[in-house]
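Visitor: next comes the sequence, and after it the predicted model I'd like to discuss.
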Amino acid sequence: MWLTTLLSCANLVERLSKDGGGIVCKTARTRRGRGSGIGRYSGGRQVVRPNFLHFSGNQTLPQVVASFLLYILYIRSGLRLQPSSVPMEEAPICTTGNAVGMSLDERFAIMRSIGLESSDEDDVRRLLEKKVAPVCYVWCDLSPSVHIAQGIMMVINVRKMVKAGCIVKILIADWFACIQNKFDGDLIKIRSIGFYMIEIWKAVGLELHGVEFIWLSDEINGHSDEYWALVMDISRNNTLRTMIRCCGIEDPYILNEDLIDSLDSYDPIDVTASTLFTPCVHCACILFQKADIWLLSMDHEEDLYDKLIRQYCKGMELENRPIILPHNKLPNLIEHPEFAKNRDPAWAIFMEDREVNLSDKLSKAFCPAKVAEGNPCMEYIKYIVFPWFGYFEVLRAKENGGSRTFQNMEELITDYVSGALHAAEVKLALTEALSKILKPVRDHFAKNREAQNLEEVMRDIRHN
């Protein structure tokens, strides 16, 4: 009897090896719909090895022998398990449980802490009252050198949104980088940057099961008719002057060519048609996703795009205008950036910085004594260190007043403005705090082979 079972199993293994079949573990995925996104990093198929050598106390000796021989046949057949060609389903994201037990005021306070004061604060409160799990999109511009605002501040904000019960979707703007001809317009290269940034977020502790990653190129290619119709509709309802203002072009004569002849000298700004069309394309990307809340990247001019979207929705009588949260930005570390060398890396802290880089940058950073307002080092402490650790520690010798742990920004500002805390001590403590934050990134890329391969690709992109 057991011999017959063994022969049947052997025939099964041989048939699988010839057919190239595989054993696949299915997970649940929500049905692909408008704005739901595809290409999630953490979902999909999971290939598993057959559990031939799992023995239990209830198995007979012939069954054990059969399992062992079947495993040998599996190895000798050269069977390599491959993902099934049939698309699997991803696990749906459920964050509504995060808001259970929290009052409306508590949820609103969490969302309010993300950024600056906004005229939409009442809309945010009404949205949270209306929806237990509003959909929040986060725009991600791609860069082979990840600014600490993209690496740490974004993770902090995403955690806050998830805690408030929001469904968070990170939109990786690969298509947008491609049409702007960044990184030679090579979509494969651009996507590798996206995967590299996801590795960064993994390393600092972003819970991948709590967010959904969406590739903009997949969204637009999958719904191009709907997307481009929206782009053209936005362009029809806006003037060229509005587009120039949104692009940040400062040329008073670009629309008044008749006045150029009266000038002694005029150096025109070369502006391509695609540049002027970019705001329409960009706003369509934002409106296309049917989001409740948008958190744009640090490079966006939130006010200009918010006004453009607001005016369009008002003119078209669209009630479901997305709320754009204006979040905090980190200042330049250089005192006079206009006089700095071109592309001087000392202007900011990046996720790739090693301890020696941190020490060198922060030792040269602008940190005026007894001045907290407009002090870039104090801004880094306020928006990076305190939200991450909940405190700021300054280590000093007893003769210099001893170590001090600040529990909030007000305590730190009081000591710094009074002169009880010196600029050099702040810089040293900030270097130590940022080094602790970035250590998991260094460790991850030192141990993970896949991450190392991506890091090598990023080095090539930066140097080209």
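Guide: Happy to help now that I have it. Quick caveat: nothing in here was measured; it's all calculated off a predicted structure.

Visitor: residues near Lys398, how many?
Guide: 7 (other CB atoms under 10 Å). Bear in mind the C-beta positions are built from the backbone N, C-alpha and C, glycine included.

Visitor: the one 5 residues further on now?
Guide: Applying other CB under 10 Å, we find 12 residues neighbouring Ser403.

Visitor: looking at the nearest residue to it once chain neighbours are set aside now. What's its pLDDT?
Guide: Leaving aside its sequence neighbours, Ser403 sits nearest to Leu395 (CB to CB, 6 or more residues apart in numbering; 4.9 Å). For Leu395, the model assigns a pLDDT of 91.

Visitor: any idea how far apart the tips of stretch 128-142 sit?
Guide: Counting by CA to CA, to the nearest Å, you get 30 Å between the two ends of stretch 128-142.

Visitor: and what of stretch 412-431?
Guide: End-to-end for stretch 412-431, by CA to CA: 16 Å.

Visitor: what sits up against that stretch?
Guide: Under the contact criterion CB atoms under 8 Å, 6 or more residues apart in numbering, stretch 412-431 has outside partners 358-359, 362-363, 365, 367-372, 377-378, 380-381, 385, 392-396, 400-401, 404, 406.

Visitor: one step back: my guess is the residue nearest to Ser403 contacts Glu432. True?
Guide: Yes - with contacts counted by CB atoms under 8 Å, Leu395 reaches Glu432, the gap being 7.3 Å.

Visitor: neighbour-wise, which of those two wins?
Guide: Glu432 (17 against 13).

Visitor: overlap in contacts, Leu395 and Glu432.
Guide: Common neighbours of Leu395 and Glu432 (CB under 8 Å, 6+ apart) do not exist.

Visitor: sorry, back to before: ok, of the contacts of stretch 412-431, which come out buried?
Guide: 358-359, 362, 365, 367, 372, 377-378, 380-381, 385, 392, 394, 404, 406 (16 or more other CB atoms under 10 Å).

Visitor: which pair of these spans the longest distance?
Guide: Pairwise distances across those peak at 22.7 Å for Ser359 and Ala372 (criterion: CB to CB).

Visitor: if you average pLDDT over the longest helix anywhere in the chain, what comes out?
Guide: Longest helix in the chain, counting residues (DSSP state H): helix 423-447. Regarding helix 423-447, the rounded mean pLDDT is 96.

Visitor: cool, stretch 372-380 as well?
Guide: 95.

Visitor: can you give me the end-to-end span of that stretch?
Guide: Span of stretch 372-380 from end to end, CA to CA: 12 Å.

Visitor: tell me who's in contact with Met153.
Guide: Here Met153 is in contact with Met298, His327, Asn328, Leu330, Tyr383, Ile384 (CB under 8 Å, 6+ apart).
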